[in-house]
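S.K.: A predicted structure for the sequence below; I have some questions about it.
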Amino acid sequence: MSTIKELWLARFRSFMKEMGRYGRYIFNDHIKFVLVFAFGGGAYYYQEMLKTISPDFPVVLVISIIFGFLVVTGQITTFFKGPDLHYLLPLEKKMKSYFIRSFFITYIVQIYLMLMMLGVIYPIYKKFLLGETTSFIVFMVIIFLLKGYNLFISFLHISNSGVLNRTFDYCLRLIGTFLFIYGLLSKWNSLVLLIIIVILAAYALYIQIGSKNKRVQWERNVRLDTSRLATFYRFANMFTDVPSIQQQVKRRKWADPLINKIRVKNAANYLLVRTFIRNGNYLSMFVRQVFVGGFVVYLVPTLVGKVLIGILFLYVISLQNISILRQYNYHLLWKIYPYTNEENKKSISTLLYILLIICSVVFSLIVLIKVASILNFIIAIVVYTLFSMWLIKFYVQKRLSQPQKL
């Protein structure tokens, strides 16, 4: 590349091309249908919840916590790659314009995400008359400014080495941001808010001075960008094969006794179970989805809504874990043992069925706890089980029979 600007543009275009390449597989017709269903159902139950919500609900505290985390969380996307540790090092002193462009594109994306969340909380903001304290437009502008402030700190950390512990830095900014938002919505004295602003400004100045004349942290920035891209690849791998994906395996020694007790009939079963437990993506995502799904099922007021939400999460969980088999399509382990492709499909179907049954039981128990009705519990678990059986027999088997696109 002849200029730093051309280098950044090339990296940005390559990144967008990669997002678009896998985005068309992620947002297929099935997912679009699920998203429309989820947003429609979520909007309906959100409106119903607003009608019944208690006037004593700590709305200021909840909004402050949500936006405190959203505003503080985020890193500058530099579009770095592994070889940059060697090839871009001589250009370090000329990279300032590169980092500034990365800052602005990251800020634009973050603002878009903030707008989505602001749209979600607007009805509750209006219901509790928070606009009498601070108008919603002013609140939006303040959130955008706070996001810019925190991204600026992240920008300084590109060349900041050892000024402050990362955890301490995150907690300090989180506390300061939370207190300012909470104080703003709670009508604290203007002097108190001004003091918080001065402290945050002084902290940014301290980081900026500490970062002056420091070398770029190439290893850290490459690691962050590589990790973000790997996360996207693991997500895209649920929908299509991703040749460049790098699986992260965790030891999970606590699971050894459980795995050793499993009587496997073939190597495929054993390999899939080990992959699900030890892979850094599958087990953790499954636990999160069960937790989030159970929480949403608990919040939805009607039995029909609970059943529909549960079905939605069962579908998403099956879609997530079907990619376990895909990642071994071209693996030598499948060639060593004399098992047919049909037997391998049967193995993943069995694993998915076990996972869906676990989810069905958890969601049904939540229905029982919330509604306190044995009949509703029976209805829920029967519907969840029948849907799981239909999903495995028809949808999953059809997906497994389709040729994989690279």
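M.R.: Ah, there it is.

S.K.: ok, Gly183 - contacts?
M.R.: By CB atoms under 8 Å, 6 or more residues apart in numbering, the residues touching Gly183 are 192-193, 196. From N, CA and C alone the C-beta is placed, and that goes for glycine too.

S.K.: now, which of the residues you listed lie within helices?
M.R.: In this view, the contacts of Gly183 that belong to helices under DSSP state H are 192-193, 196.

S.K.: ok, of the residues you listed, which one's closest to Phe363?
M.R.: Ile196 (42.7 Å; CB to CB).

S.K.: how far away is the closest one from Lys147?
M.R.: 16 Å (CB to CB, to the nearest Å).

S.K.: When those two are compared, which one has more neighbours?
M.R.: Shown here are Ile196 and Lys147; by other CB atoms under 10 Å, Lys147 has more neighbours (22 against 18).

S.K.: how far away is that one from Ile65?
M.R.: From Lys147 to Ile65 the distance is 16 Å (CB to CB).

S.K.: Leu191 now?
M.R.: 24 Å.

S.K.: those strands in this protein, which residues are they?
M.R.: Under the criterion DSSP state E, the chain contains no strands.

S.K.: before we move on, the earlier item: so which of Leu191 and Ile65 has more stuff around it?
M.R.: More crowded of Leu191 and Ile65, by other CB under 10 Å: Ile65, with 15 against 7.

S.K.: Please name the nearest non-neighbouring residue to the more buried one.
M.R.: Phe178 (6.8 Å; CB to CB, 6 or more residues apart in numbering).

S.K.: What number of residues are in the vicinity of that neighbour?
M.R.: For Phe178, using other CB under 10 Å, the count is 19.

S.K.: Identify the residues contacting it.
M.R.: Contacts of Phe178 by CB under 8 Å, 6+ apart are 64-65, 68.

S.K.: number of nearby residues for the closest residue to Lys81 other than its chain neighbours?
M.R.: The shortest distance from Lys81 to any non-neighbouring residue, by CB to CB, 6+ apart, is to Val222 (7.0 Å). The local packing of Val222 (other CB under 10 Å) involves 18 other residues.

S.K.: start the count at 56, not 1, going forward
M.R.: In the new count, where the first residue is 56, that last one comes out as Val277.

S.K.: so Val277 sits right up against Gly137, yeah?
M.R.: Yes: Val277 is within contact range of Gly137, at 6.1 Å (criterion: CB atoms under 8 Å).

S.K.: List the contacts of stretch 99-118.
M.R.: 175-176, 178-180, 182-183, 185, 236-237, 240-241, 354-356, 360.

S.K.: One more: stretch 273-287?
M.R.: 73-74, 77, 130, 132-137, 139-140, 143-144, 213, 300-301, 303.

S.K.: Show only the entries of those found in helices.
M.R.: 73-74, 77, 139-140.

S.K.: roughly how far out does stretch 423-436 sit from the chain middle?
M.R.: 31 Å (CA atoms, centre = their mean, to the nearest Å).
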